[in-house]
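Q: Predicted coordinates and the sequence they were generated for:
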Amino acid sequence: MTRFIFIIAAAALTGCGIETASTAATAAALKKQELEQSKKTLEQAQQKIGQAMEQVQQSQQSREASGQ
């Protein structure tokens, strides 16, 4: 009887370990997706900033050319 209880307890603990590993893997996959999305957002923001800077430079050059 004690052996039976030990086997059930061992099986239950093994199940918990597998569930914990599965949960950790899922969390890691979600974090990876978040990181990739953050990188895309950063790249888009950098592109917009670059475009805005180009527009400012072009505007400044136009004002300087028309002022001469």
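A: Looks like it came in fine.
Q: Could you point out which residue ranges in this structure have low pLDDT?
A: Counting by pLDDT under 70, the chain contains low-confidence residues at 4, 6-21, 68.
Q: 80 instead, please
A: Along the chain, the model assigns pLDDT under 80 to residues 1-22, 67-68.
Q: Now do the helices in it.
A: Under the criterion DSSP state H, the chain carries helices at the ranges 2-67.
Q: Contact partners for residue 30?
A: With C-beta atoms under 8 Å, 6 or more residues apart in numbering as the criterion, no residue contacts residue 30. No exception for glycine: its C-beta is placed from N, CA and C like everyone else's.
Q: and it, how far is that from residue 37?
A: 11 Å (C-beta to C-beta, to the nearest Å).
Q: Return the distance of stretch 38-45 from the chain's centre.
A: Computed by C-alpha atoms, centre = their mean, to the nearest Å, the chain-centroid distance of stretch 38-45 equals 11 Å.
Q: typo on my end, it should be stretch 43-61
A: 26 Å.
Q: same deal with stretch 32-48?
A: The chain centroid and the centroid of stretch 32-48 are separated by 8 Å under C-alpha atoms, centre = their mean.
Q: which parts of that stretch are buried?
A: Neighbour counts over stretch 32-48 (16 or more other C-beta atoms under 10 Å) mark no residue as buried.
Q: Return the alpha-carbon coordinates of that stretch using CSV.
A: Taking Å, rounded to 0.1, in the frame of the first residue of the first chain, the C-alpha atoms of stretch 32-48 are listed here in CSV:
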residue,chain,number,x,y,z
LYS,A,32,10.1,36.2,-27.9
GLN,A,33,7.0,37.4,-29.8
GLU,A,34,6.9,40.6,-27.6
LEU,A,35,10.6,41.2,-28.3
GLU,A,36,10.2,40.8,-32.1
GLN,A,37,7.2,43.1,-32.1
SER,A,38,9.2,45.6,-30.0
LYS,A,39,12.0,45.5,-32.5
LYS,A,40,9.6,46.1,-35.4
THR,A,41,8.1,49.0,-33.6
LEU,A,42,11.5,50.5,-32.9
GLU,A,43,12.5,50.1,-36.5
GLN,A,44,9.3,51.9,-37.7
ALA,A,45,9.9,54.7,-35.2
GLN,A,46,13.5,55.1,-36.4
GLN,A,47,12.3,55.3,-40.0
LYS,A,48,9.7,57.9,-39.2
